[in-house]
Each structure stands twice: as structure tokens, then as C-alpha cells.
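A.B. asks: quick one: sequence plus predicted model below, questions after.
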Number of protein chains: 2
Amino acid sequence: MTAATHPSKQDVKVAVDAVIFTVRDGRLMTLLIQMNKRPFTGRWAFPGGLLGDRQTALAAVRRILREQTGIAPSYLEQLATFDDPGRDPLGRVISMAYFALIPDAGARLRTTAKYTDVRWWPVAGLPALAYDHREIAAAALARLRAKLGYTNIAWSMLPREFTFADLQEVYEAILGRGLDKRNFRKKMMSLGLIAPSGNLARGGSHRPAALFRFRDRRPSFMDIL
Amino acid sequence: MTAATHPSKQDVKVAVDAVIFTVRDGRLMTLLIQMNKRPFTGRWAFPGGLLGDRQTALAAVRRILREQTGIAPSYLEQLATFDDPGRDPLGRVISMAYFALIPDAGARLRTTAKYTDVRWWPVAGLPALAYDHREIAAAALARLRAKLGYTNIAWSMLPREFTFADLQEVYEAILGRGLDKRNFRKKMMSLGLIAPSGNLARGGSHRPAALFRFRDRRPSFMDIL
DNA sequence: ACAAAAGTGTTGTTACTACACCCATGG
DNA sequence: CCATGGGTGTAGTAACAACACTTTTGT
């Protein structure tokens, strides 16, 4: 049961914040923006901003990511809402946190003069974060690891064509541990979700790897790991 | 990155709504309140209300449940936030939905004259709901079923002592399908989370059932089903 | 020919499913 | 002694983990 009345003290500002993950060079990375406003000047934070007047939170996140980073994530879902009354020293602002994934290839940053700095940071070594963003980071990582086991979200972190080494690298970076190459290939093949594209990844001074494609990029659920 | 400024058009009301589940007579039930305010007079909705000024959402849910139903849930967690700009016809109100469980024994209702009616409804046959509460119900049910498989939340729907029949009834009601009695008992015993209390449940004209207790009532994660 | 990553099978163990009868009690 | 739910075991199958060598290419 919800009730709407007229503007009152109970009114609250609603922010959206996005935790964007990608895997680069075998490391799980996330995007942070260096703040240029008090009281967190110089601190790093997830990209975010206030919810627009007649805008859904999802649309707000997309807009804010475009403006602040130039990124259009390939996967985006609501994570959780953080509402501690003291989380923003300047007033009551609750944050609807979102969870986003992107392939390394799409992770080129638009840098604008508007923000001090925008950078990818390894999840294993984040700097001091503003607000309660440390807590948001922990929740996002937990969600990512959990979903890896029963959905195909890893798809969203890979380009159209990829090698088995690429795919396994994503899983290993997220889980933070190595996986057996043969068992991994067997499992992925048995799921029937990927198919060889017919092309080869040449380039190293070694045997070229077969390239694969996802049969279907839409989200689906299954036992993966 | 979030930013706090002074009151503005962007301010929003934040409601909390709670989906409370219990299992009674083998059926999964949820608690609804009949509304007495326009524009949803007579419609049913989950208990809820506006977030207090310097109150966490969790505290707000606890308070509202106490006031509206007299119930103190044994399990309570955030579900998701529903923010469609048109979800409340009277203004911009986003709803932080919560997910609660309670044993049948604790589900006695405090009925007050303040609300038209407060009733347990079988999840399989809910009436027409106000706002976007149909969507909230679907999300809550999905969460419940998912968590049943990898957490011990079912614990929160049982009294201190219970028989295997009680335990299995909870699982079957939630999943909406029957389970094999022997396999179920084997699995539950192998998890090592319950132990016989030594007492027997007398009462039927049949062999009395052994009563069990949870070794530990705190939330934990494992492969259950 | 060598370095470097790609690719490939088997075996043992463990977890899951399906299935039917005897037991203890109250009336 | 009968009706009612309580309580138990086995066998076949499927999924998982551990493990090392051969292949193909570039230099």
C-alpha cells in the first residue's frame, strides 16, 4: 500500500549509481569517476546522478552513463537500493544501484573536461570510495559471482566472436580462481549455447584458436558451473 | 556519484511495501490489506507506507508491519525498487519492496478498525491488486523459489520444533510440486542443519512423528534442492 | 627445431532419481 | 484389527573433478 500526497518533509532525493564491470587482461575491472564536489572532492565513486522528474531509473542510468562515460552497457539490471539516512552528508538521498556489464572492446572512455578523471580500476584494488560505495561494490561483486553460475551474463562481457581462452578468462577473472581447461570446454559445449563461427584467431606464434559465437545473446538461465 | 542539493522538483516520495509469505494447510499464502483510499478504494494491496524522515527502509517496514498487521517477520530482506513514473496515479512515488517470511504460528493478525480488511490470500489465487503490486508479487514469488534452492530461508517459516512432514510441506507449497519423501529426508539430513529434539508429535491416530530443531537459525547458503 | 598456446579422453567419485513396503499409534 | 501417516534402502544414471600429452602455428 503506497500513498501519494503533496510535497512534504518526507520527500527524498533519489540517485542512481552504476557499477560497470569488464574484464581486461585477465583482471576484473570497474569504472570509477573522481569527484570534484565537496565533501568528497578527490574521492572516487561509481558514475551516477539524480533521477529525472518523469524518468524511470533504468532510463536515468542509461542517460548518466552516456553523459559521464560514453558507455552503453550490454547488460544492465537493478542491484539494490541503499537508503541509510547518513549515507550522504548533504541530505537525504537514497541510491538505486545498478549493475552493468560490457565487453572490453566497448569500454573506450569518453573523457570530458567536466569530471576530474574517469578510470577503470581493478576490483581487487579499489581506491577509497565516496559515500557508501564500498558497500555497493561488495553487493555488485557478490551478484556478479552468483549470477555467473546460473545465467549466461558472461556473454555480455565478450565481443561477437571470441576464443575459448577469452571465455575462460572472463570466468576466471570474475571467480578469482583458475578452472580446468578441458572440463570448462566440455561444460560450455554441452550447454549448446555457443557454436564455432568458422573463423580462426591468428596472431600469436602458436596454433590459431577457433572463434566461437553465441547462438543467442538473450539472457537465459541454466546450471553453468 | 550522488549529489544532494536543496528541495526541488526532482524530489520523490519513497514508499516501502512488504510481501509476507507463510505456509498454511499446505498452501503458500500472502498478506493483503484492503485499501480505503482513492483511487484504489476496495482494492487489495501489500501492507506499506511512506518512509519516515530519518528512518531506514528496513526500520520503516518493521514499523509499518507492526502498525498495520501486528506481525514481526522472522525473515526480512529488500526485494527490489519499483519506480515506474506512472505506478501511482497521485504522484511520483517509488516503492522499495521488501520480502518477508513468517511461520504460520506467528501469523495471527491484529485487526484494527483503521483498515477495511486484512487477510491472508493463497498466492495461487490473488484478487485484483492496487498499483503495480501484481508485478511486486511476481518478483517476490520468484525470489522465494530461487532462494529456497540455495539458502535455509525455509527455516523462517517453521516453528522451533517441527516434523519432517511440516518441513516438506513448506518446500512443496513454495515450489508448487510434490517431492519424494525419502529423497527429501536424505538430503535434509545430509546437510547436517537439523537435529532431532528428542520429542514426539503425538496427536493423530497414527504413529507419532519425531520432532526436529534447526541447529542454527542464522541465514546460510548451500545447495539444498 | 623450438616456443607457445590450442586442443583432446578417461576414470573414479559423488549426487540425483525412481521406486514399495513395514511401523507405531489411536480408535 | 483397521486406518492413518511415519519411517526406511537400493540400484541405475548423470554430473563432476582430477589429470598429461599431442597438435598447429610463427619465428
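C.D. replies: Received, thanks.
A.B. asks: relative to strand B:13-24, how tilted is the top strand by length along chain A?
C.D. replies: As assigned by DSSP state E, the longest strand anywhere in chain A is strand A:13-24. Between strand A:13-24 and strand B:13-24, the angle comes out at 70 degrees (axes from the mean of the first three to the mean of the last three Cα atoms, to 10 degrees).
A.B. asks: buried residues, stretch A:177-194. List them.
C.D. replies: A:184, A:188, A:193-194 (16 or more other Cβ atoms under 10 Å in any protein chain shown). Yep, even glycine has a C-beta here, placed from its N, CA and C like the rest.
A.B. asks: what's it in contact with?
C.D. replies: A:152, A:164, A:167-168, A:171-172, A:212-216, A:220, A:222, A:224-225 (Cβ atoms under 8 Å, 6 or more residues apart in numbering or on different chains).
A.B. asks: then stretch A:217-225?
C.D. replies: For stretch A:217-225, the external contacting residues (Cβ under 8 Å, 6+ apart) are A:75, A:148-153, A:155, A:171, A:175, A:187, A:191, A:193.
A.B. asks: tell me which two of those sit farthest apart.
C.D. replies: Longest distance between any two of these is 21.2 Å, between A:75 and A:187; criterion Cβ to Cβ.
A.B. asks: is stretch A:144-162 positioned near chain B?
C.D. replies: No: if you take Cβ under 8 Å from any Cβ of the partner chain as the test, stretch A:144-162 misses chain B, and the best it gets is 8.7 Å.
A.B. asks: show me the contact partners of that stretch.
C.D. replies: By Cβ under 8 Å, 6+ apart, stretch A:144-162 touches A:21-23, A:73-75, A:99, A:101-105, A:166-167, A:170-171, A:174-175, A:193, A:197, A:199, A:211-214, A:217, A:219-225.
A.B. asks: what about 6 Å?
C.D. replies: By Cβ atoms under 6 Å, 6 or more residues apart in numbering or on different chains, the list of residues contacting stretch A:144-162 from outside reads A:23, A:74-75, A:101, A:103, A:105, A:170, A:174, A:197, A:211, A:213-214, A:217, A:220-221, A:224-225.
A.B. asks: buried sites along it?
C.D. replies: A:144, A:147-148, A:150-158, A:161-162.
A.B. asks: packing partners for the longest strand of chain A?
C.D. replies: strand A:27-34, strand A:48-50, helix A:57-69, strand A:93-101 (3 or more Cβ pairs under 6 Å, 6 or more residues apart in numbering or on different chains; DSSP states H and E).
A.B. asks: now it against helix A:57-69, angle please.
C.D. replies: Going by the same axes, to 10 degrees, strand A:13-24 makes 60 degrees with helix A:57-69.
A.B. asks: where is the longest helix in chain A?
C.D. replies: helix A:133-150 (DSSP state H).
A.B. asks: send the alpha carbons of it over as PDB?
C.D. replies: Provided in PDB are the C-alpha atoms of helix A:133-150 (Å, rounded to 0.1, in the frame of the first residue of the first chain):
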ATOM      1  CA  HIS A 133      30.100   3.000  -2.500                       C
ATOM      2  CA  ARG A 134      32.300   0.400  -0.900                       C
ATOM      3  CA  GLU A 135      29.200  -1.400   0.200                       C
ATOM      4  CA  ILE A 136      27.700  -1.100  -3.200                       C
ATOM      5  CA  ALA A 137      30.800  -2.500  -4.800                       C
ATOM      6  CA  ALA A 138      30.600  -5.500  -2.500                       C
ATOM      7  CA  ALA A 139      27.000  -6.100  -3.300                       C
ATOM      8  CA  ALA A 140      27.700  -5.800  -7.100                       C
ATOM      9  CA  LEU A 141      30.600  -8.300  -6.900                       C
ATOM     10  CA  ALA A 142      28.500 -10.800  -5.000                       C
ATOM     11  CA  ARG A 143      25.700 -10.500  -7.500                       C
ATOM     12  CA  LEU A 144      28.100 -10.900 -10.400                       C
ATOM     13  CA  ARG A 145      29.700 -14.100  -9.000                       C
ATOM     14  CA  ALA A 146      26.300 -15.600  -8.100                       C
ATOM     15  CA  LYS A 147      24.800 -14.900 -11.500                       C
ATOM     16  CA  LEU A 148      27.800 -16.300 -13.300                       C
ATOM     17  CA  GLY A 149      26.800 -19.700 -12.000                       C
ATOM     18  CA  TYR A 150      23.200 -19.800 -13.200                       C
END
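A.B. asks: and that helix, anywhere near DNA strand D?
C.D. replies: No: against DNA strand D, helix A:133-150 shows no contacts by Cβ under 7 Å from any atom of the strand, the least distance being 9.7 Å.
A.B. asks: next secondary structure element downstream of that helix?
C.D. replies: helix A:164-175 (DSSP states H and E).
A.B. asks: give the next helix or strand downstream of that next one.
C.D. replies: Trace forward from helix A:164-175 with DSSP H and E and the next one is helix A:181-191.
A.B. asks: how many other residues sit next to residue A:70?
C.D. replies: By the criterion of other Cβ atoms under 10 Å in any protein chain shown, residue A:70 has 15 neighbours.
A.B. asks: I am finished for the moment; much appreciated.
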